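Visitor: Just to be clear, the model below is a prediction. Sequence and coordinates:
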Amino acid sequence: MQVRLPELERKYWKCTDPWLLQTDPLGHEICNAIYSALSKETYRSAVELGCGNGALAGRLRQRCDNYVDINGAAKALLAARQSVSGRGKIRREFPCPLPDGDHDLIILSDILYFLDADEIRELAKQISQSWSGAEIISFTYFPEDPQVVNGGNAFEIFKQALAADFTFKTTKHASGYQIDHHVRADQSLYN
């Protein structure tokens, strides 16, 4: 991993909202942009990798029959549990095999640049093999931290490692972040 779990833990021990998704107008803008990018009103099962403190999960879980949050920081997951109010499963073991299920929504919440290239490729392989029909939303922050892989480079590694039938469209590009979206050709984003 580019940023080790102890470093991620330290960020959350200082504050349960280190990226200010719950308190900063930019954080609200990002959550709103992801929420608005969804192509369907409801989903059978969603997996959010990098759920953080649950700022996004608190809203998205209302549109999902099943919601699984995955993160590497224990303190973040404590905050996420409060956001999902008992609806959804929360796991700490990341990177890890993704949970089994009929997932039709996968959200990569500011997670790819925390992984090295091999971990990104493994994640893409899991998604390609098990959830090729899932809608995928990737939120990528472009940190100015020399310790981490650039978010754009990490997303390119992810896209190249996916099966050929995955096509992404950038739905939001703003100062410091980007939201990319994949849905099957027969879903509303490309019609």
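Guide: That came in fine, so what should we check first?

Visitor: Identify the residues contacting the host helix or strand of residue 125?
Guide: Taking DSSP states H and E as the criterion, residue 125 maps to helix 117-130. With CB atoms under 8 Å, 6 or more residues apart in numbering as the test, helix 117-130 has contacts from 1, 49, 95, 97-98, 103, 106, 112, 115, 134, 136, 149, 154, 157-159, 161-163, 166. (C-beta placed from N, C-alpha, C; glycine too.)

Visitor: Enumerate the positions of it that are buried.
Guide: Applying a neighbour-count criterion of 16 or more other CB atoms under 10 Å, the buried positions in helix 117-130 are 119, 120, 121, 122, 123, 124, 127, 130.

Visitor: where in this structure is pLDDT low?
Guide: Counting by pLDDT under 70, the chain contains low-confidence residues at 1-9, 12-13, 15-16, 18-22, 51, 53-54, 72-95, 143-152, 164, 184-191.

Visitor: what about the strands in it?
Guide: 43-49, 64-70, 89-91, 105-109, 135-141, 169-174, 177-182 (DSSP state E).

Visitor: Tabulate the buried residues of helix 117-130 in a markdown table, adding columns for distance to residue 55.
Guide: Shown next, in a markdown table, are the buried residues of helix 117-130 (distance: CB to CB, whole Å):
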| residue | distance to residue 55 |
| --- | --- |
| 119 | 24 |
| 120 | 23 |
| 121 | 28 |
| 122 | 27 |
| 123 | 22 |
| 124 | 25 |
| 127 | 23 |
| 130 | 27 |
